[in-house]
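Peer 1: here you go, sequence then predicted model.
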Amino acid sequence: MSTREREQRFSDRMSDAEALMWNVEKDPWLNPSGGALTLLDHPPDRDHFEQTMRAAAARMPRLYERVVPGLGRIAPPAWVPDAEFEFAYHVRYLRLPKPGSMRQLFDLAAQLYLEPLDRTRPLWRFVVIEGLEGGRAALWSILHHAVADGIGQLRMAEMFQQFEPDTPPPDAVDLESIIDAAVEAHDAKQLGGDLAEGLPTTVVQSFSHLARRQAGVARRALGEVAMWPADPERARQRLADVSGSVSATVNSLRRSDDEVPGGSPLWKQRSRHRHLEEVQTTLAGLKKASKRADVTINDLFLAAMAEGAARYHDGRGVEVDAFNSSFVLSTRQDEAVGGNSFTPVPIQLPGERMALDARIAEIHQRVAVKRAEMSHGGGLGVLSSVANLFPTSMVTSLARSQAARIDFATSNLRGAPIPLYVSGARVDRLIAMGPVAGTACNATALSYEDQFDVGLFLDPVAIDSPGDFRDAIASAFDDIIG
């Protein structure tokens, strides 16, 4: 039996945040998309897998839609059916050369990530990788961040995952006919034509979108203001909310008075190269440790990253006052697939030598402060609506300078607590490859059954001893649990 059917959270146009991620990708160093590596106990059945993926695309139009830019910055990019959709482009097969080691697999995963998604096609790609030692296999996947955030992607993955190894494939679908019908029915099909055909439609649709958006804002604003004379307290509260949202966004980007410049002196250089490492621990052990210390699992995750980074530097005789990091705060309030509802929250983590329990307590307090600051709203949505008004070159330049300050970005995702299967093959592990995007490292944790896997996707020019960094993080987790 397959996982349950969820509501799909997709719109005809990108949100401001999605449009920002789409635009900054014009600088390859700022690629906002993340990949994933699913380790399987044996290769999936090809016919079953392809039939499953074709059915998934038929049920989820975003998988056969491509992006069409709006006119200038008048409206965000739109999604339209791709009349030239090629299933074989998006689902591929590779075999590792012998001996098929994990290091070979990780290096291949990093290489695949560096191959950019074709911005004229639907923004996803799956690669089944066979030849892994022990008769195992892997599924490498990437989905553009403009389609969904981490939680949205996990829910989308339910369409090709099963609860039982002998789950029959879905009924066969004529995907090409479905797409042809969608192309014919779509009002914006001329957007993909030549300049003479496409420009009038682009102009009309872009201005129509802008008019609807501004009219909606104006109606809500006028309706709100009309109530203020009868309710002065409501007026004060609304103005406070707006002020709080803007202040929260600004404060989240700048260094607070009690923070130091921070940052690793060893990790200053940046490149477009990528390297994948992994740290694995047990979810049960982290739960016991979090209960013992009266903190969250995410607090322990951040503490392990800070402690491991401190040990890495200590081994090189380098002292660091603080590590500049970030965590992702989800703002989702639904069970839908797709879409983006999150905000990145910058945070400084203590870098000096200190007792492990003291480091955990300090990080717990700092995270609580940051969460309270963001409770006023603001975040990526407010920032994006402003940033999209400026030239892309200016935005990417600013984004690069901000990312260069980050030692490691973090994200923590909750996966399935029960075994999963992909076309007859059991899922052994799930390793995330979060977007590095100009930082030194992205550490994304993903739980599955009793496993807590941390994918360390890093810039090897910044962190030039990835194995030592991985070992330092692993030893920090061991000591936290122990």
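Peer 2: Arrived safely.

Peer 1: tally up the residues packed near Pro81, please.
Peer 2: Pro81 has 22 neighbouring residues, counting by other CB atoms under 10 Å. Yep, even glycine has a C-beta here, placed from its N, CA and C like the rest.

Peer 1: what's the answer for Val279, then?
Peer 2: Quick note: Val279 (other CB under 10 Å) scores 25 neighbours.

Peer 1: one more: the one 4 residues further on?
Peer 2: Under the neighbour criterion other CB under 10 Å, Leu283 is assigned a count of 19.

Peer 1: do the same with Met354
Peer 2: Applying other CB under 10 Å, we find 15 other residues in the vicinity of Met354.

Peer 1: check the one 4 residues further on too.
Peer 2: Other residues lying near Ala358 total 10 when counted by other CB under 10 Å.

Peer 1: need the per-residue pLDDT for it.
Peer 2: pLDDT recorded at Ala358 is 97.

Peer 1: can you tell me how far it sits from Pro77?
Peer 2: Computed as CB to CB, to the nearest Å, the Ala358 to Pro77 distance reads 48 Å.

Peer 1: chain center to the one helix or strand Ser397 maps to: distance?
Peer 2: Using DSSP states H and E, Ser397 falls within helix 392-403. Helix 392-403 sits 19 Å away from the centroid of its parent chain (CA atoms, centre = their mean, to the nearest Å).

Peer 1: equivalent analysis for stretch 364-378, please.
Peer 2: Centroid separation for stretch 364-378 versus its chain: 21 Å, with CA atoms, centre = their mean.

Peer 1: one more: stretch 413-430?
Peer 2: Offset of stretch 413-430 from its chain centre (CA atoms, centre = their mean): 19 Å.

Peer 1: then stretch 412-426?
Peer 2: Put simply, stretch 412-426 sits 18 Å off its chain's centre (CA atoms, centre = their mean).

Peer 1: tell me which residues of it come out buried.
Peer 2: Asn412, Leu413, Gly415, Ala416, Leu420, Tyr421, Val422, Ser423, Gly424, Ala425 (16 or more other CB atoms under 10 Å).

Peer 1: report the buried residues of the helix holding Ser397.
Peer 2: Neighbour counts over helix 392-403 (16+ other CB under 10 Å) mark Thr392, Val395, Thr396, Ala399, Arg400, Ala403 as buried.

Peer 1: can you tell me the strand partners of the helix or strand that that helix is followed by and which way each runs?
Peer 2: Downstream of helix 392-403, the next assigned helix or strand under DSSP H and E is strand 408-414. Under the criterion DSSP bridges, strand 408-414 sits next to strand 322-330 (parallel), strand 441-448 (parallel) in its sheet.

Peer 1: tell me the strands beside the helix or strand just after the last one, with direction?
Peer 2: It refers to strand 441-448. Moving toward the C-terminus from strand 441-448, the next helix or strand (DSSP H and E) is strand 451-458. Using DSSP bridges, strand 451-458 pairs in its sheet with strand 275-282 (antiparallel), strand 441-448 (antiparallel).

Peer 1: any idea of the mean pLDDT in the first one?
Peer 2: With pLDDT averaged residue by residue, strand 275-282 scores 98.

Peer 1: tell me how many other residues crowd Pro69.
Peer 2: For Pro69, the count of nearby residues is 17 (other CB under 10 Å).

Peer 1: same question for Val454.
Peer 2: Here the number of neighbours of Val454 (other CB under 10 Å) works out to 25.

Peer 1: what residues are bridge-paired with it?
Peer 2: The residues listed as beta-bridge partners of Val454 by DSSP bridges are Val279, Ala445.

Peer 1: Glu86: what's it in contact with?
Peer 2: Arg121 (CB atoms under 8 Å, 6 or more residues apart in numbering).

Peer 1: take the buried residues of stretch 412-426 and keep only those in strands.
Peer 2: Mapping these onto strands (DSSP state E) picks out Asn412, Leu413, Tyr421, Val422, Ala425.

Peer 1: between these, which is closest to Ser177?
Peer 2: Among these, Val422 lies closest to Ser177 (CB to CB), at 26.3 Å.

Peer 1: excluding chain neighbours, what is closest to that closest one?
Peer 2: Spatial nearest neighbour of Val422, chain neighbours left out: Pro44 (4.9 Å); criterion: CB to CB, 6 or more residues apart in numbering.

Peer 1: okay, now the one you found: neighbour count?
Peer 2: 21.

Peer 1: quick one: it is in a helix?
Peer 2: No. Residue state for Pro44 (DSSP: H, G, I helix; E, B strand; the rest coil) corresponds to coil; a helix is not indicated.

Peer 1: hmm, Val128 and it touching each other?
Peer 2: Yes. Pro44 is within contact range of Val128, at 6.5 Å (criterion: CB atoms under 8 Å).

Peer 1: common neighbours of the two, please.
Peer 2: Contacts common to Pro44 and Val128, judged by CB under 8 Å, 6+ apart, are Ala137, Leu139.

Peer 1: can you tell me which of the ones in strands among the buried residues of stretch 412-426 is nearest Thr444?
Peer 2: The nearest member of those to Thr444, counting by CB to CB, is Leu413 at 6.8 Å.

Peer 1: from Gly152, how far off is the closest one?
Peer 2: With CB to CB as the criterion, Leu413 and Gly152 are 11 Å apart.

Peer 1: same question for Thr296.
Peer 2: According to CB to CB, Thr296 stands 22 Å off from Gly152.

Peer 1: ok, these two, which is more surrounded?
Peer 2: Using other CB under 10 Å as the criterion, Thr296 and Gly152 rank with Gly152 on top: 24 against 15.

Peer 1: now do the contacts for the nearest residue to the more buried one once chain neighbours are set aside.
Peer 2: Of all residues not flanking Gly152 in the chain, Gly338 sits nearest, at 4.7 Å (CB to CB, 6+ apart). Residues in contact with Gly338 (CB under 8 Å, 6+ apart) are Gln8, Arg9, Phe10, Met60, Arg62, Val147, Ala148, Gly152, Arg155, Met156.

Peer 1: of those - the most surrounded one?
Peer 2: Among the contacts of Gly338, the one with the most neighbours (other CB under 10 Å) is Val147, at 27 neighbours.
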